[in-house]
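1. next comes the sequence, and after it the predicted model I'd like to discuss.
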Amino acid sequence: MKGKTYKGFSLIEILVVVALIVILATITIVAINPGKNFRDTRNAQRSADVNALLSAVTQYTTDGKELPAGILECSTTDWKVGSPIGTSTAEGYIDLEPLLAGGGEGNDYMVSIPTDPSGGTAEDTSYVICKIGTRVQIAAPRAEDGKEIAVRR
């Protein structure tokens, strides 16, 4: 008399396959590193924003217009120091809205003032502006992974 034969997979075989899938998924997630990709994307946006702001400021001053008063001198030791850009009424904020399109008087240097991708607002864009003589620097102090995002012209 023959014994019963079972068709299918044993518990050990299923556990081995599940373990292999978990190991491969872990390796894939570590290799892709979505956190770093998101940080790099935010830093790329910050870099584009500061370049756009500086281009608008440069065009504005090239047309013979004066920058708002109160812009701090740039620090020689800390690139993050400067006057914060934003519409806030708090002391020290520099409002760059005169550069915006649609404000009349040929102000068509920017469509809108960009804000930091990690929570900047119109009141506080999280970008800073400072002067070095006649030159202007715009920086993104919230840059991640130790990146230095500052441009000057």
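-> Cool, the structure landed.
2. can you give me the helices in this structure?
-> 11-32, 34-62 (DSSP state H).
3. which elements pack onto the longest one?
-> What it means is helix 34-62. Judged by 3 or more Cβ pairs under 8 Å, 6 or more residues apart in numbering; DSSP states H and E, the packing partners of helix 34-62 are strand 135-139, strand 150-152. C-beta: built from backbone N, CA, C; applies to glycine.
4. in space, what's closest to the residue nearest the centre of the chain - neighbours in sequence excluded?
-> By Cα atoms, centre = their mean, the chain has its centre lying nearest to R46, at 3.3 Å. The shortest distance from R46 to any non-neighbouring residue, by Cβ to Cβ, 6 or more residues apart in numbering, is to A140 (3.9 Å).
5. my read is that the one you found contacts A150, right?
-> Yes: contact criterion Cβ atoms under 8 Å: A140 and A150 qualify, at 7.3 Å.
6. okay, and the common contacts of these two?
-> Counting by Cβ atoms under 8 Å, 6 or more residues apart in numbering, the contacts common to A140 and A150 are V50.
7. which of these two has more neighbours?
-> Neighbours per residue (other Cβ atoms under 10 Å) separate A140 from A150, with A140 holding more: 30 against 21.
8. mind checking how far stretch 15-30 is from the chain centre?
-> 33 Å (Cα atoms, centre = their mean, to the nearest Å).
9. sorry, slip of the keys, the one I care about is stretch 77-96.
-> Distance of stretch 77-96 from the chain centroid (Cα atoms, centre = their mean) equals 17 Å.
10. pull it out as CSV, backbone CA atoms only.
-> Extracted C-alpha coordinates of stretch 77-96, given in CSV (Å, rounded to 0.1, in the frame of the first residue of the first chain):
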residue,chain,number,x,y,z
THR,A,77,33.2,83.8,7.3
ASP,A,78,29.7,82.5,6.9
TRP,A,79,28.0,82.4,3.4
LYS,A,80,24.6,81.8,5.1
VAL,A,81,24.5,85.3,6.7
GLY,A,82,22.4,88.0,4.9
SER,A,83,19.1,89.8,4.9
PRO,A,84,16.2,87.4,4.7
ILE,A,85,14.0,87.7,1.6
GLY,A,86,10.3,87.9,2.1
THR,A,87,7.2,90.1,2.5
SER,A,88,7.3,89.8,6.3
THR,A,89,7.0,93.1,8.2
ALA,A,90,9.6,91.9,10.7
GLU,A,91,12.7,93.9,10.9
GLY,A,92,15.4,93.0,8.4
TYR,A,93,13.3,91.3,5.7
ILE,A,94,13.9,92.5,2.1
ASP,A,95,10.8,92.6,-0.1
LEU,A,96,11.7,91.9,-3.7
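11. I'm done for today, thanks for sticking with me.
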